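Student: Model the structure of this input:
(2 chains)
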2 protein chains.
Amino acid sequence: MMRAAVLRDRQFVVEELSRPVPGPGEVLVKVLACGICGSDLHFVRHAHDMVEQARKLGAPTEELERGLRTGLVLGHEFVGEIVEMGPDTARGFLPGDRVCSVPFVLRGAAPVLIGSNPETSGAYAEYMLLTEALLVKVNSGVPDAAAALTEPLGIAIHAVNKANLQATDVAVVLGCGPIGLAITAVLKSRGVRHIVATDLSPRRLELAMTMGATEVVDGRDQPGAVAKAAGHADGAGVVIFENTGAPGMLAKLVLEAPAKSRLVLSGIAPGEESFHQMVAIIKELQFSFIIYYTPEEFASALEMLAANVFDWHALVTGVVGLDGVNEAFKALEDPEVHAKILIDPQQRSGLRTLR
Amino acid sequence: MMRAAVLRDRQFVVEELSRPVPGPGEVLVKVLACGICGSDLHFVRHAHDMVEQARKLGAPTEELERGLRTGLVLGHEFVGEIVEMGPDTARGFLPGDRVCSVPFVLRGAAPVLIGSNPETSGAYAEYMLLTEALLVKVNSGVPDAAAALTEPLGIAIHAVNKANLQATDVAVVLGCGPIGLAITAVLKSRGVRHIVATDLSPRRLELAMTMGATEVVDGRDQPGAVAKAAGHADGAGVVIFENTGAPGMLAKLVLEAPAKSRLVLSGIAPGEESFHQMVAIIKELQFSFIIYYTPEEFASALEMLAANVFDWHALVTGVVGLDGVNEAFKALEDPEVHAKILIDPQQRSGLRTLR
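Tutor: Below is the predicted model of the structure:
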């Protein structure tokens, strides 16, 4: 058996579940740490609207509805230790190895998102299954807390790669949650000279400075971050990373962005967004919507954490056991205290705030 | 003096205007041919709404309003013959040379769009001014009608370049007006193996086949062009060129497009467009909005026409003198007859349909 935080009707309930048994090509890992992702918060809040919306769009909803009925174990930003190898494995990994993985298991040849249904349980649990072929080994010098940041940092690397960034480009980071902060760190590591970060929270802006922002702007101020970045551009390109998902933000950016701006959008606006297409055309804007990363980008995120390129400690603001997941979700509503909270499923403690 | 078709309150009126005098760095050209652009049609129909919308968005409208009050000479797809050199010119061009130019004149160091105000008159006239530094020479083997297609072909080359196209990519061309048809020809010249073109007009679909489409789909049919292209993709990328500007098209494409599709949007939807941002994010779509080209792309369009890479004759469906411009605008409302009509300002004839 194992303990897991099961999502039931917008609340997590700690339950004893059977410990899963690895199938061919799979390994069982003991979860050492798992980050709480903004998309988990979004999911808990909006899962029922998502079903509704997907149904309207004609997308399949059975899987999701079954998950919500049966209970789901979320958690896709994890590091674990291999405790058992399934059949047809051990092509390079051994029990005791610490590993990360992109949040998919291969069922047949098809990747299935971890945490998206009751059969592919996530890392809000003491144990989970992973596909050996997707594992990345975590070297001994890398703390669990750093390895658990691989996934969000992978998204940040992907975002910056999608922007096709030049070192002369000026960057705007809108929304300094963990993704925005990680993007800031990646931009800094790429030598971008002007990184203007903006958020409504003073604490988040402080963290943005720690990650390498060269200028921070309160989201309520005028002129805003885009205008300030444009002032530095001097003929160079402006790249805008939109991580807030705030309704109406895209329309605002289309009006504010200088001509030829590239927008990289990771923020999930819950409904329909509208904008003036003629303005986007006259300015020749580019929108790149992103959600994942390539396996190479995921691996390079772990390398970046191992190399201590930036102060990743600053991102990890809390640790909590499985019994404190509801408390942690509540705490994450206040950006003044927390950025990333890690779940340690082997602990029984409540939320511990670091620093 | 010279004759010009002046736009006054949605109608063109042929008037005698003073022949312009070239300033420093400028040349006077006799206009040999000028294409009627879709954006000219859009402008005549929507200029007053555009003022209204620009005012709402806080953009400057004085210039446009003055133009509409005083009368405008449109025309930005032209070829001309140099008849007079202004002061500080002749750094490589001579009277008698045939030339094209990107549709701007430099006033001070700033580029001003030709046809956008009464001082920078366009090519719906016997004569016009151009900036020598922006001229491209037309070789003697290239007919006027081909050279007049340089501008729209430049947009098509730009569209394809913005898509960052691979030869294995599958392409969809939505809307087979002159831009869609030129994009089709460029895709063909780049070796794209699947080019699925769609339009509501059978005649336009015929022209798309002539330009190199490998498959054509009536815009009313199900499954549509995007689904058909996706069927050919087999893991390759899908690039969708949206040239219709039809309201609601973007929302439809976001739902229909396979994951990772790149959308290149040249069609000017007149109002606000909305779409499901979450769907765009889950699919990692990319939107590139385009309107112009680089000077290099413009020059390479003329080279492509000179090399007879595709049957450009098929695009030119009519020729008209200045007195027939209203008739030509009316005729362009029916896609079954005309694609591109060229104005020959030196003629007095009405609309002549070719082929």
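
Student: can we go C-alpha only for contacts and neighbour counts from here?
Tutor: Fine.

Student: what comes into contact with the host helix or strand of A:A229?
Tutor: Taking DSSP states H and E as the definition, one finds A:A229 inside helix A:225-233. For helix A:225-233, contacts defined as CA atoms under 8 Å, 6 or more residues apart in numbering or on different chains pick out A:169-172, A:174, A:194-198, A:216-217, A:219, A:238, A:240, A:256-258.

Student: what does stretch A:71-79 give?
Tutor: A:4-8, A:31-37, A:40, A:98-103, A:114-118, A:121-125, A:144, A:147-152.

Student: ok, now with 6 Å
Tutor: Residues external to stretch A:71-79 that are found in contact with it (CA atoms under 6 Å, 6 or more residues apart in numbering or on different chains): A:6-8, A:32-35, A:99-100, A:103, A:115, A:118, A:121-124, A:147-148, A:151.

Student: contacts with chain B among these, please.
Tutor: Among the contacts of stretch A:71-79, no residue lies close to chain B (CA under 6 Å from any CA of the partner chain).

Student: Mind checking which of those are in strands?
Tutor: A:V6, A:L7, A:R8, A:L32, A:A33, A:C34, A:G35, A:V99, A:C100 (DSSP state E).

Student: pLDDT check: weakest of those?
Tutor: Within those, pLDDT reaches its minimum at A:R8, with 93.

Student: Next one, pLDDT for the spatially closest residue to that one that is not a sequence neighbour please.
Tutor: Leaving aside its chain neighbours, A:R8 sits nearest to A:G71 (5.3 Å; criterion: CA to CA, 6 or more residues apart in numbering or on different chains). Confidence at A:G71, expressed as pLDDT, is 93.

Student: And for A:M85?
Tutor: pLDDT, A:M85: 96.

Student: ok, it touching A:V29?
Tutor: No - look at A:M85 against A:V29 with CA atoms under 6 Å: they stay out of range, at 9.0 Å.

Student: neighbour-wise, which of those two wins?
Tutor: A:V29 (27 against 22; other CA atoms under 10 Å in any protein chain shown).

Student: List the contacts of the more buried one.
Tutor: A:V29 makes contacts with A:G80, A:E81, A:I82, A:V83, A:Y127, A:M128, as judged by CA under 6 Å, 6+ apart.

Student: go on, A:D88?
Tutor: A:D88 neighbours (CA under 6 Å, 6+ apart): A:P24, A:G25.

Student: if you set the cut-off to 10 Å instead, what comes out?
Tutor: Residues in contact with A:D88 (CA atoms under 10 Å, 6 or more residues apart in numbering or on different chains) are A:G23, A:P24, A:G25, A:E26, A:E132.

Student: just the buried members of those?
Tutor: Among those, those that count as buried by neighbour count (16 or more other CA atoms under 10 Å in any protein chain shown) are A:G23, A:G25, A:E26, A:E132.

Student: nearest residue to the first one other than its sequence neighbours?
Tutor: If I follow you right, that is A:G23. Excluding the flanking residues, the one nearest A:G23 by CA to CA, 6+ apart is A:G86, at 5.4 Å.

Student: got the residues of the stretch 101-250 of chain A near chain B?
Tutor: Neighbours of chain B within the stretch 101-250 of chain A, by CA under 10 Å from any CA of the partner chain: A:K162, A:G245, A:P247, A:L250.

Student: re the thing from before, now, the contacts of A:D88 that are in helices?
Tutor: With DSSP state H as the criterion, helices contain none of those.

Student: quick one: which of those residues sit in strands?
Tutor: A:E26.

Student: and the two most separated of the contacts of A:D88?
Tutor: Maximum pairwise distance in the contacts of A:D88, criterion CA to CA, is 10.6 Å, between A:G23 and A:E132.

Student: any shared contact partners between these two?
Tutor: With contacts taken as CA under 10 Å, 6+ apart, the residues that reach both A:G23 and A:E132 are A:M85, A:G86, A:D88, A:T89.

Student: Among these, give me the pair with the biggest separation.
Tutor: Using CA to CA for every pair in these, the one that comes out farthest apart is A:M85 and A:D88, at 8.5 Å.

Student: between the two, what contacts are shared?
Tutor: Counting by CA under 10 Å, 6+ apart, the residues touching both A:M85 and A:D88 are A:G23, A:P24, A:G25, A:E26, A:E132.

Student: Could you give the number of residues near the one residue in the stretch 51-200 of chain A that gets nearest to chain B?
Tutor: With CA to the nearest CA as the measure, A:L57 is the residue of the stretch 51-200 of chain A nearest to chain B, at 7.7 Å. A:L57 sits with 12 neighbouring residues when counted by other CA under 10 Å.

Student: nearest spatial neighbour of it, skipping sequence neighbours?
Tutor: Residue nearest to A:L57 in three dimensions, not counting chain neighbours: B:L255, with 7.7 Å by CA to CA, 6+ apart.

Student: List the buried residues in the helix or strand harbouring the one you found.
Tutor: Counting by DSSP H and E, the element that carries B:L255 is helix B:249-256. Across helix B:249-256, burial judged by 16+ other CA under 10 Å covers B:M249, B:L250, B:A251, B:L253, B:V254, B:L255.

Student: looking at it, the third one is touching B:M278, isn't it?
Tutor: No - with contacts counted by CA atoms under 10 Å, B:A251 stays clear of B:M278, the gap being 11.9 Å.

Student: what touches both of those two?
Tutor: Contacts common to B:A251 and B:M278, judged by CA under 10 Å, 6+ apart, are A:E272, A:E273.

Student: what number of residues lie near the residue nearest to A:R8?
Tutor: 18.

Student: ditto for A:I183
Tutor: A:I183 has 29 nearby residues by other CA under 10 Å.

Student: Right, and chain B sits closest to which residue of the stretch 151-300 of chain A?
Tutor: A:S274 (3.8 Å).

Student: longest single helix anywhere in chain A?
Tutor: Per DSSP H, chain A has its longest helix at helix A:38-56.

Student: Quick check: mean pLDDT of that helix?
Tutor: The model assigns helix A:38-56 a mean pLDDT of 86.

Student: what's that helix packed up against?
Tutor: Helix A:38-56 is packed against strand A:11-17, helix A:62-70, helix A:325-331, with contacts defined by 3 or more CA pairs under 10 Å, 6 or more residues apart in numbering or on different chains; DSSP states H and E.

Student: so how far is the longest one from its chain's centroid?
Tutor: Just to be clear, that refers to helix A:62-70. 23 Å (CA atoms, centre = their mean, to the nearest Å).

Student: tell me what it is packed against?
Tutor: With contacts defined as 3+ CA pairs under 10 Å, 6+ apart, the packing partners of helix A:62-70 are strand A:2-8, helix A:38-56.
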